[in-house]
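A.B. asks: how would this look folded up:
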Amino acid sequence: MTNSASLRNALSTQVVGRTRELELVIAALAADRHVLLEGPPGTGKSTLLRAVAQGLGIGFEFVEGNAELTPARLVGHFDPARVLNEGYDPTVFVDGPLVSAMRDGSLLYVEEINRIPEETLNVLITVMSEGELNVPRLGRITAAKGFRLVAAMNPFDAVGTARISGAVYDRVCRIAMSYQSAEEEQAIVRRNTEGSSVTDAWLSKAVEVVRRTRSHPDLRVGSSVRGAVDFAKVAVSLAELRESTVEQPSVGVDAALVALSGRVRVREGGVRTSEEIVTEIWQDVFGRVEGEPGEGKAGAPMNRGTTSL
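C.D. replies: As a prediction, the model looks like this:
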């Protein structure tokens, strides 16, 4: 068995339902390629990459992509106080995550790469092309063996993002990641609620509620599996607080509202609130309870023992 195959087998228990993507990432990194993961939030991009880095025994530099990520923050800077006393000596330079990853031969993970400014992106393009970086007053830094850029982005979020140029795509191996299957998402939630009294039947319905938010006609963005994890965890805590069970409708609806109403996005021009839509989905999956109020407005959250609909 090859080293890559051994690594895949070892990591498959850590990353639920991502065998194919795991193989592709390992293969691309073994071929000394840079990688771009595209997919909606909560699909395990960071989890997968951290597991691979740990399995490979290499460093992992994390960078959060946003409009404030300037080239100086990415590359590093000279300490102003020390420059006054010692001048622009190499020992005065404070490495940023990019230079640290290049020196150490580590993975540089840039999250939400489509949110960073163009001038910062150009620095990354240069490093991907040349494998080196020229820093004013410091000189040339050559990437050590093992250095690779691994970036991630959500292609469906248009707020605060910019279109990634062809120059980036031409220098990376792109791997698309979609949501996992219902069974795999249930396994993720079960792993995060280990030791609780939640039944498999209830957990299956909780995951179904979350999955339906992704295809509901009134929602343009649904919840990731993180919403299902929070739904289950909040339901367990709320049931204990109310001396009830997660099967109690008031517990289930309130937990769903707390976990999901802020994660989903209502389509522009919609007349219903996210609370009303989440409540409707919960009713469709768990069933309406006889004696419940009719088509009213959902509250968030509702008072104990009520299911305001």
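A.B. asks: if I read this right, Thr47 contacts Val15, doesn't it?
C.D. replies: Yes - if you go by CB atoms under 8 Å, Thr47 and Val15 touch, sitting 6.0 Å apart. For glycine as for every other residue, the C-beta is placed from the backbone atoms N, C-alpha and C.
A.B. asks: The two: which has the busier surroundings?
C.D. replies: Val15 (20 against 15; other CB atoms under 10 Å).
A.B. asks: residues in contact with that one?
C.D. replies: 22, 44, 47-48, 51 (CB atoms under 8 Å, 6 or more residues apart in numbering).
A.B. asks: same thing with Leu124?
C.D. replies: 74, 98, 110, 113, 149, 168 are the contacts of Leu124 under CB under 8 Å, 6+ apart.
A.B. asks: Pick out whichever of the residues you listed sits closest to Gly55.
C.D. replies: Closest approach to Gly55 among the contacts of Leu124 (CB to CB): Leu149, at 18.5 Å.
A.B. asks: can I assume that closest one is in contact with Leu121?
C.D. replies: No - with contact defined as CB under 8 Å, Leu149 does not reach Leu121; the gap is 11.1 Å.
A.B. asks: just the helices in the stretch 1-150 of the chain please.
C.D. replies: With helices called from DSSP state H, counting those that start in this stretch, the stretch 1-150 of the chain shows them at 3-11, 19-30, 45-56, 71-75, 80-86, 97-104, 118-130.
A.B. asks: mind putting these in TSV, distance to Ala176 and mean pLDDT included?
C.D. replies: As requested, the helices of the stretch 1-150 of the chain are exported to TSV (distance: least, CB to CB, whole Å; pLDDT from 0 to 100):
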stretch	distance to Ala176	mean pLDDT
helix 3-11	19	75
helix 19-30	9	88
helix 45-56	11	82
helix 71-75	26	94
helix 80-86	44	89
helix 97-104	24	95
helix 118-130	20	92
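A.B. asks: closest to Arg263 out of those?
C.D. replies: Closest among the helices of the stretch 1-150 of the chain, using CB to CB: helix 45-56, at 17.1 Å.
A.B. asks: what's next to the closest one, contact-wise?
C.D. replies: 7, 10-11, 14-15, 18, 21-22, 25-26, 29, 37, 39, 59-60, 106-107, 109, 111, 150, 152, 177.
A.B. asks: just the angle between that helix and helix 3-11, please?
C.D. replies: Relative orientation of helix 45-56 versus helix 3-11 (axes from the mean of the first three to the mean of the last three CA atoms, to 10 degrees): 120 degrees.
A.B. asks: Show me what counts as buried in helix 45-56.
C.D. replies: 45-46, 48-53, 55-56 (16 or more other CB atoms under 10 Å).
A.B. asks: now swap in stretch 102-114 and tell me
C.D. replies: 102, 104, 106-114.
A.B. asks: could you pull out the strands for the stretch 151-300 of the chain?
C.D. replies: Here the stretch 151-300 of the chain has its strands, by DSSP state E, counting those that start in this stretch, at 173-176, 219-221, 265-266.
A.B. asks: still on that earlier bit, ok, Leu149 and Leu121, which is more surrounded?
C.D. replies: Leu149 (26 against 23).
A.B. asks: Tell me which residues touch the more buried one, please.
C.D. replies: Applying CB under 8 Å, 6+ apart, the residues near Leu149 are 34-35, 107-108, 110, 124, 127-128, 172.
A.B. asks: could you list every residue that touches the residue nearest to it when sequence neighbours are not counted?
C.D. replies: Sequence neighbours aside, His34 is the residue nearest to Leu149 in space, at 4.4 Å (criterion: CB to CB, 6 or more residues apart in numbering). By CB under 8 Å, 6+ apart, the contact set of His34 is 128, 148-151, 171-173.
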